[in-house]
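Q: after the sequence you'll find the predicted model.
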Amino acid sequence: MAAPFDPTSYTADAKVNWNSAAESYDRISSELFPPITSAFLAFAQLRPGQLVLDVACGPGTLTTAAAKAVGASGRVVGVDLSPGMLKLAMSRAAEQHLEYREMDAQELDLPNDLFNVVLCQLGLMLFARPEVALKEMVRVCKKGGAIACLVQGDPERMVFTSLVMKTLFKHAPELTQSGAPNLYAFAPVGLLDQALAQAGLGQILSRRLAGTFSFNSPQEYWAMMTSGAGRTGALLRSLPEDKRRVVEQDVLEQASRYAVDDRLNIPYEVVMAKGVKP
């Protein structure tokens, strides 16, 4: 029988896993995510002069773009659990109105009612206690300010991650753990809106964004996904070598179905929602 889910140990493991994956994830973030980041920032409607918090900022892709959006009269603070991610983010932080701090999203070491906007891109579904993280985001946001979150969409359309995850659990069902975070926990229609409402937000708006990520080959896709995804990579490394090879071969065969004109076009879908603190 699997051990009961422990949020504290899960968060500690996440810190280790994302440290290990930081450089590879940085490549995913910089090469694949810019269109998503641009759409999310447009959705969040940042304005010059605002004070913005980027929660689970990773290597700073969104944070840097947000700093440009608010201009020199504004300020952006990026926080992340992983020192490895923050090291990469700080290595390219040219803007003087941008800073990074190591922090758990579920325990933000920040004052109440401070930020005009709080952003969280592809982080909420990874937290051990997402409802706690949302309440923390609301706490540090000013009255009348906005919280905007972007999460992974329906697994049938978010093939980018679900192809690997479904195949992994198909061959290694023993790795599933009841109560552990689910990448697609907020994917069903209306569920992210509901989570924001339960955190105390109003005037909630949401939208879905779909597209494809392009790769040179199934092998490139496999390498990027297994080295750059924190928990996924850790789960794969926990398997015996023979089983890892079975998972890899299955993923490569399935991924090859998305080949078009010598390119591999893997579908993705994300969901974004925002609400206002009353």
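A: Looks like it came in fine.

Q: in which helix or strand would I find residue 179?
A: Using DSSP states H and E, residue 179 maps to neither a helix nor a strand.

Q: give the contact list for it.
A: By C-beta atoms under 8 Å, 6 or more residues apart in numbering, residue 179 lies in contact with 4, 5. Just so you know, the C-beta spots here come from the backbone N, C-alpha and C atoms, and that holds for glycine as well.

Q: from residue 195, how far off is it?
A: Counting by C-beta to C-beta, to the nearest Å, the gap from residue 179 to residue 195 is 17 Å.

Q: what of residue 6?
A: The span separating residue 6 from residue 195 equals 22 Å under the rule C-beta to C-beta.

Q: who's more crowded, the two?
A: residue 195 (21 against 14; other C-beta atoms under 10 Å).

Q: isn't the more buried one right next to residue 127, touching?
A: No. Contact criterion C-beta atoms under 8 Å: residue 195 and residue 127 do not qualify, at 11.4 Å.

Q: which stretches of the protein aren't confidently modelled?
A: 1-3, 228 (pLDDT under 70).

Q: how about the strands in the stretch 1-150 of the chain?
A: Along the stretch 1-150 of the chain, counting by DSSP state E, counting those that start in this stretch, strands occupy 51-55, 75-80, 98-102, 115-121, 141-152.

Q: and for the stretch 151-278 of the chain?
A: Counting by DSSP E, counting those that start in this stretch, the strands of the stretch 151-278 of the chain are 202-215, 259-260, 263-276.

Q: so what strands line up beside the shortest one?
A: In this case it means strand 259-260. Take DSSP bridges as the rule and strand 259-260 pairs in its sheet with strand 263-276 (antiparallel).

Q: can you report how many residues lie near the closest residue to residue 72 other than its chain neighbours?
A: Nearest residue to residue 72, sequence neighbours excluded (C-beta to C-beta, 6 or more residues apart in numbering): residue 97, at 5.7 Å. Neighbour count for residue 97, taken as other C-beta under 10 Å: 16.

Q: mind checking how far residue 97 is from residue 140?
A: 18 Å.

Q: and if you look at residue 231?
A: As for residue 231, its distance to residue 140 is 26 Å (criterion: C-beta to C-beta).

Q: I appreciate the help and will end here.
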